[in-house]
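Chemist: my questions concern the predicted model and sequence given below.
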Amino acid sequence: FRFIDILIVLVIHVVKKMKFAMLMRDAVTNFKVEVSPQFFLEKYFMFLLLIFILYIIMFTTGGCMKKIVKLMLGVLFFLIVFLLVFVLFLRAPIIKDDYQVGKWYKVLLDGVNDNKGNDYYFLIKKGRENKVIINFYGGGLSINDETALNRKNYYIDNIKYEELNHLVGISKDDKDNPFNDYTFINIPYVTGDFHIGMNSENKLLKQEGYIRFIMIMDKVKEYIDNPEVLLVTGYSAGGFASSILSHTIFNDYFKDVQNKNVLVDASLLISDEWEHILKDVWKSPEFITSRIKTNNIVLDNLKYLSENNKDVKIMYVSSLRDKTLIKYQNYLDNKEFSSNVSLGKTFQNNLEVMVNELLFLPNTSVYIWSDVVGDDFLTTHTITMIDFVNKKYNGIKVSDYIVNVINGDIKSYGMDLLMESKKNERKGI
C-alpha cells in the first residue's frame with residue numbers, strides 16, 4: 001500500500017503542477033491550446049507523466065480505485081484525441097498557389113511575429129459569391145505598463161490562442177449561416193491596441209496593430225478584386241477596429257464597391273483618456289487620433305465614417321449590460337478589473353446615450369439584446385463570436401438582421417429592452 005500511496009501523492013502533485021482544470025477549460029471551452037510538437041513536449045510533459053502514473057496505478061490496484069482510474073484515463077484519452085484532431089484537421093494550413101474555394105488558409109506576413117515569437121498571419125477563405133467580410137478579432141486591451149505586464153488578465157498576445165476563432169461565430173462553416181459562401185478575411189489580434197497602434201518601441205508589448213493592418217490589406221488585394229458587397233466587422237476590440245478602420249478600407253482599398261457595410265459588435269468604453277492613449281501609448285496615426293472629439297471613441301469614428309461615406313450602412317450590436325466591457329470600463333475609471341450591479345446600470349446608461357446618438361446618423365441601425373444570467377443582472381459579451389447562426393432575440397436572429405440591412409432593409413431592434421429596463425429600475429426591480 002505504501003507504493004500506491006506514493007503514486008497517488010505523485011498524481012496529486014502532477015495535477016497541481018500542470019493546473020489540469022485550467023487545461024481542460026482552455027482546451028474545450030476557450031480553444032486556448034497551443035499545439036506545435038515542441039510546445040506539446042515542453043508544456044505537457046507533466047500531462048504525459050500523469051497518464052503514465054495512472055496506467056501504473058490501474059495495473060497495480062483493483063476494485064473501485066481501478067474504475068476511477070479508468071474513468072480518468074477515458075477523459076485524458078478524449079483530450080488527446082481533441083488535440084490530435086486540432087493539429088491534423090482544424091488548424092488552417094498555409095496558403096499555396098492552388099488554394100481551394102471554401103477552405104480556410106493562413107497567409108503569413110514576412111518577418112512579422114506575435115509577442116511570443118510565433119509567425120503572425122491573417123486567415124482567408126475564398127467564397128463562392130463575390131461578397132466579402134473583413135473580420136477583426138478581439139482580445140483585450142493594453143493602455144499602460146500595468147496592463148502590458150499582466151497580459152493574462154487584460155489582453156491576448158499569443159496568436160496560438162486564436163487558432164480556432166474562424167470556426168465559430170459569423171465565420172463558422174455552417175449551411176444555416178447566410179454568410180457561408182462569402183469570402184472571409186479574418187484578422188487576429190495580438191497587440192492590445194484596437195488594431196491601430198504604431199508603437200514598435202514598447203519592450204513589454206509591440207503595439208503595431210495599424211502596421212499589421214496595412215500589410216494585411218496590401219496582401220488582401222492579391223486575392224480580392226472588386227466585390228459586390230463588403231462588410232467590415234469585428235467583435236470586442238475588433239469592433240472598435242471596424243469603427244475606426246472602415247474608412248481606410250472603403251477609400252484606400254475598395255473604393256468602387258457599391259454595397260458597403262459596417263458592423264460593430266460589443267464595443268463601448270467611455271474615457272477622457274482616449275486621445276492620450278492613442279497619441280502617447282499606441283502612437284496611432286495622427287489622422288485617426290484627430291477624429292476623437294468626445295469620450296466615446298466608437299461614436300466619434302462612426303460619425304466621421306458616416307459624414308465621409310454617405311453610402312455606408314452602419315450596424316451597432318450590443319448586449320444590454322455587457323459584463324466583460326463593464327470590467328474594462330471599471331479599470332479605465334477606477335483601475336479595478338471587476339463588475340457589479342451598479343456598474344451594469346452605468347454601462348446601460350452609457351449604451352442608451354450611445355444608441356440615441358447613433359440613430360441620428362443616416363443608414364444606421366442597432367440590435368440590442370439581453371441574456372441576463374446570475375444575480376448581478378449582467379449580460380454576455382459579443383454575439384457574432386458565439387452561437388451566431390441560431391441565436392434569436394427581439395424576434396429575429398442577429399444573422400437575419402445583418403442580411404436585411406445589407407439588402408437595404410434598415411431597422412433597429414431591442415430598443416424596448418432599454419426602456420423596459422429603465423422602468424424596472426425605477427420600480428426597484
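Modeler: Cool, the structure landed.

Chemist: for this protein, which residue is closest to the average position?
Modeler: Residue closest to the mean C-alpha point of the chain, counted by Cα atoms, centre = their mean, is residue 138 at 3.3 Å.

Chemist: so that residue touches residue 382, yeah?
Modeler: Yes. Taking contacts as Cβ atoms under 8 Å, residue 138 lies within contact range of residue 382: 7.1 Å. The way it works is simple: take the backbone N, C-alpha and C, and place the C-beta from them, glycine included.

Chemist: overlap in contacts of those two?
Modeler: Shared contacts of residue 138 and residue 382 (Cβ atoms under 8 Å, 6 or more residues apart in numbering): 235, 236, 239, 266.

Chemist: so of the residues you listed, which ones are in strands?
Modeler: With strands taken from DSSP state E, the overlap with the shared contacts of residue 138 and residue 382 comprises residue 235.

Chemist: export the shared contacts of residue 138 and residue 382 to TSV and append columns for pLDDT and neighbour count.
Modeler: Converted to TSV, the shared contacts of residue 138 and residue 382 look like this (pLDDT from 0 to 100; neighbours: other Cβ atoms under 10 Å):
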residue	pLDDT	neighbour count
235	96	31
236	96	26
239	98	28
266	96	25
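
Chemist: could you dump the shared contacts of residue 138 and residue 382 to TSV with distance to residue 329?
Modeler: Formatted as TSV, the shared contacts of residue 138 and residue 382 follow (distance: Cβ to Cβ, whole Å):
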residue	distance to residue 329
235	17
236	13
239	15
266	12
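
Chemist: ok, now which ones touch residue 136?
Modeler: If you count contacts by Cβ under 8 Å, 6+ apart, then residue 136 has 187, 189, 195, 232-235, 237-239, 241-242, 245 around it.

Chemist: which one of those residues sits closest to residue 146?
Modeler: Using Cβ to Cβ, residue 237 is the member of the contacts of residue 136 that lies nearest residue 146, at 17.7 Å.

Chemist: pLDDT of the longest strand seen in the chain, averaged?
Modeler: Scanning the chain for the strand with the most residues, using DSSP E, yields strand 104-113. Across strand 104-113, pLDDT averages out at 94.

Chemist: any buried residues in that strand, and which?
Modeler: 104, 105, 106, 107, 109 (16 or more other Cβ atoms under 10 Å).

Chemist: hmm, who's touching that strand?
Modeler: For strand 104-113, the external contacting residues (Cβ under 8 Å, 6+ apart) are 92-96, 99, 119-125, 166, 184, 212, 215-216, 219.

Chemist: repeat that for 7 Å
Modeler: Strand 104-113 has contacts (Cβ atoms under 7 Å, 6 or more residues apart in numbering) with 92-95, 99, 119-125, 166, 212, 215, 219.

Chemist: try stretch 339-357
Modeler: Outside of stretch 339-357, the residues within contact range by Cβ under 7 Å, 6+ apart are 268, 270, 296, 299, 318, 320-323, 325-327, 329-330, 366, 368, 376-378, 418, 421, 425.

Chemist: that older thread, ok, so of the shared contacts of residue 138 and residue 382, who is nearest residue 410?
Modeler: Once Cβ to Cβ is applied, the member of those that ends up nearest residue 410 is residue 239, at 19.1 Å.

Chemist: measure the closest one to residue 263 for me?
Modeler: Distance of residue 239 to residue 263, given as Cβ to Cβ, to the nearest Å: 8 Å.

Chemist: again with residue 253
Modeler: Here residue 253 is placed at a distance of 18 Å from residue 263 (Cβ to Cβ).

Chemist: neighbour count for these two, which is higher?
Modeler: Set residue 253 next to residue 263 and count neighbours by other Cβ atoms under 10 Å: residue 263 wins out with 28 against 16.

Chemist: show me what contacts the more buried one?
Modeler: Residues counted as contacts of residue 263 (Cβ under 7 Å, 6+ apart) are 231, 233, 242, 315, 317, 402.

Chemist: among those residues, which one has the most neighbours?
Modeler: Among the contacts of residue 263, the one with the most neighbours (other Cβ under 10 Å) is residue 242, at 30 neighbours.
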